[in-house]
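J.: Got a sequence here, can you model it:
(one chain, ligands or ions: 1)
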Amino acid sequence: MPASELGQTQSDGARLPSFYSPRPEAHSSTSHSDGELEHADFSLSTGNHSAPETVAEDADGSDATQPTPAQASTPLTQPPPPSLLSPAFTPPATPGTSTPSGAGPAVPSSEPRGIPVDSSIPTGGCGTKHPRLLETLPEVECIVRARIPTTTGAEMFLHLYKNNVDNKEHLAIVFGGNIRSKSLDAVREGETEMDRLVRGAYTGRLYPGRTTSGLPETASDGQSGAAPPDYGPPLVRIHSECYTGETVWSARCDCGEQLDEAARLMSLPGNKAGGIIIYLRQEGRGIGLGEKLKAYNLQDLGSDTVEANLLLRHPADARSYGLATAMLLDLGQKEIRLLTNNPDKIRAVEGPHREIVVKERVAMVPLSWKGKGGFRTPEVEGYLKTKIEKMGHMLDLASLPR
Ligand SMILES: Nc1nc2c(ncn2[C@@H]2O[C@H](COP(=O)(O)OP(=O)(O)OP(=O)(O)O)[C@@H](O)[C@H]2O)c(=O)[nH]1
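T.: Next up is the predicted model:
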C-alpha cells in the first residue's frame, strides 16, 4: 500500500462510531490513574516496504548518519531528525535523557545505543507516572534451563520459572554464557549429579557421557568458579506474551518484530554483556487471549486499543512487572539496559525499593520506520499511535514515514 494511502487510512481510523463512549482526549500520563493507563499497546504497520522519508534511529547504531532524537540537543552538522522521545516525557534538554554522543565513550557500531535514564528524578526520562508496585517482590525459582540453538545461528538458554503468585510458566531467555540463575544453581536436597544435569544446573556444555555438573556441591549460594569478567549491564527486554503477534503472524501489533529484534540485538557479537528477555505470560496486556480477541473486534468496529479494553471493563493495561524484577534479581542483575519505549516499564521493573536500576533505555523503533524491513498496516499504525498519544510511549509519531 502506498504511504499516502496509509496516511489516509490512519486518519480514517481515528473516527469513532457514535455509539461508543466519547473518545478520550490524548493526554499526558498524569491525567489518568496508574491503574487506568499504566501501559498500552498498538500494532505495527505493514506491507509497505518503500523507503521512508524520515529514517528513525536504529537501536543497533548501524545508521550512523542519522542522529538520534536526544542528540538533537548536541551540536550537529546537519539538521536533526524529529525526536523519538515524546517531549511530554523526555524534553531533549533534560538532564539524564541525552543519547551518548561523540563526547562520551565510544559505542561500537554493532552495539545498541542507549539513552541514560534515572527514575529517581522527575526529569530522568521515565515519565511522570508512578506505577503502583507491591511492597514485596514475588518469590521465583528457576526449575529448569536448557540450551536452545536458534534458527538464526545464535544460541540461548531458556530458563523456566515457577513463582508464588500464579501458576504460569514465566520464562527468561538468556543470551551469553555469564548469566546464571541463583535458584537453579542452588543445590537441592538429595539430588544427584544426573538430576542437576537434567535440570540444567551445570556449567559449560553438556556432551554425551558427562556425569558431573561442575558446580560445587556444597556451595551455599549456588554459584561456582571465578567471577566472570564485568562487561557492564546486560540488555534486557521485558516482553509480554502475544500469541497473535508472535505465533499467528498478526500485523495488528509489533510484538513479534520486537521479540525478534530484541533477540537479534542481544546476539550481536559486540554485545559481550549478554542479554535477557523476560517473557511474561501476560497475554493481551494481562487480559488474556479471549478478551484480546474481543478487543480486536471492537477495534474493527472503530475503537482504539485503549478504548476497546475499557469497553470490555478491563484496565487499559492490566500488567505488572514484579515477577520480572524477581527473575532479574535471581539472574544476578542489579543494573540493566532496558529495551523499551514504555516509561512505566522502567519504573515498574526497578521494583518497590529500586532493587534493580535501569541505567539506560534502548528505544525499540519499528523496523519499517527506519526503512529496515518490518511491515506496515493501518492496524499497527493505529496501535502505535494510541501507545504514543494515550500511553506516553516514547516514540515520535513525526518520524513515522508517510
Ligand atoms: N489488550 C490488548 N493487548 C494487546 C493488543 N495488541 C497487543 N497486545 C498485547 O500487548 C502486549 C505487548 O506489550 P509489550 O510489547 O510487552 O510492551 P509495551 O508495553 O507495549 O512497551 P514496549 O516495551 O515499548 O514494547 C502483549 O501482551 C500483547 O499480547 C491489543 O490490541 N489489545
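J.: for this structure, where's the lowest mean pLDDT among helices and strands?
T.: helix 34-37 (a mean of 32; mean pLDDT, DSSP states H and E).
J.: do the following helix or strand past that one and the ligand meet?
T.: Once the chain leaves helix 34-37, the next helix or strand it forms, by DSSP states H and E, is strand 115-116. No. Legend: contact between strand 115-116 and the ligand by C-beta under 6 Å from any ligand atom is lacking; minimum distance shown is 13.2 Å. (Each C-beta comes from the backbone N, C-alpha and C, glycine too.)
J.: Point out where the protein drops to low pLDDT.
T.: For the chain, residues meeting the criterion pLDDT under 70 lie at 1-111, 215-228, 402.
J.: What segments of it are helices?
T.: Per DSSP state H, the chain carries helices over the ranges 3-13, 34-37, 182-185, 193-198, 243-246, 255-267, 289-300, 305-311, 322-330, 343-350, 378-391.
J.: Give me the neighbour count for Leu134.
T.: 12 (other C-beta atoms under 10 Å).
J.: what's the closest non-adjacent residue to it?
T.: With sequence-adjacent residues excluded and distances taken as C-beta to C-beta, 6 or more residues apart in numbering, Leu134 is closest to Gly322, at 5.6 Å.
J.: quick one: the one you found and Val140 touch, right?
T.: No. Contact criterion C-beta atoms under 8 Å: Gly322 and Val140 do not qualify, at 9.5 Å.
J.: quick one: contacts for Ala201?
T.: Contacts for Ala201 (C-beta atoms under 8 Å, 6 or more residues apart in numbering) come out as 145, 184-185, 213, 215.
J.: how about the residues you listed in JSON lines, adding distance to the ligand and neighbour count?
T.: Below are the contacts of Ala201 laid out as JSON lines (distance: C-beta to the nearest ligand atom, whole Å; neighbours: other C-beta atoms under 10 Å):
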{"residue": "Arg145", "distance to the ligand": "22", "neighbour count": "23"}
{"residue": "Leu184", "distance to the ligand": "24", "neighbour count": "26"}
{"residue": "Asp185", "distance to the ligand": "28", "neighbour count": "23"}
{"residue": "Ser213", "distance to the ligand": "34", "neighbour count": "25"}
{"residue": "Leu215", "distance to the ligand": "33", "neighbour count": "21"}
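J.: how about the residues of the stretch 101-250 of the chain near the ligand?
T.: Counting by C-beta under 6 Å from any ligand atom, the stretch 101-250 of the chain sits next to the ligand at 239-242.
J.: From those residues, which land in strands?
T.: Taking DSSP state E, the ones among these that sit in strands are 239-240.
J.: Looking at the residues of the stretch 101-250 of the chain next to the ligand, which is nearest Ala263?
T.: When these are ranked by distance to Ala263 (C-beta to C-beta), His239 comes first, at 9.9 Å.
J.: is it true that the closest one touches Gln282?
T.: No. Using C-beta under 8 Å, His239 makes no contact with Gln282, being 9.3 Å away.
J.: Nearest residue to Val349 in space, ignoring adjacent ones along the chain?
T.: Distances taken as C-beta to C-beta, 6+ apart put Tyr321 closest to Val349, at 4.8 Å, once the chain neighbours are dropped.
J.: Distance of that neighbour relative to the ligand?
T.: 10 Å (C-beta to the nearest ligand atom, to the nearest Å).
J.: what's the answer for Lys292, then?
T.: Lys292 is 5 Å from the ligand, where distance means C-beta to the nearest ligand atom.
J.: tell me the contacts of that residue?
T.: Lys292 makes contact with 244, 283-285, according to C-beta under 8 Å, 6+ apart.
J.: Just put the residues you listed in a markdown table and tack on distance to Ala273 and neighbour count.
T.: As requested, these are exported to a markdown table (distance: C-beta to C-beta, whole Å; neighbours: other C-beta atoms under 10 Å):
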| residue | distance to Ala273 | neighbour count |
| --- | --- | --- |
| Thr244 | 32 | 21 |
| Glu283 | 30 | 19 |
| Gly284 | 32 | 25 |
| Arg285 | 29 | 26 |
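J.: Now tabulate those residues in a markdown table and tack on distance to Arg252.
T.: Listed next are these as a markdown table, based on distance: C-beta to C-beta, whole Å:
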| residue | distance to Arg252 |
| --- | --- |
| Thr244 | 7 |
| Glu283 | 14 |
| Gly284 | 11 |
| Arg285 | 13 |
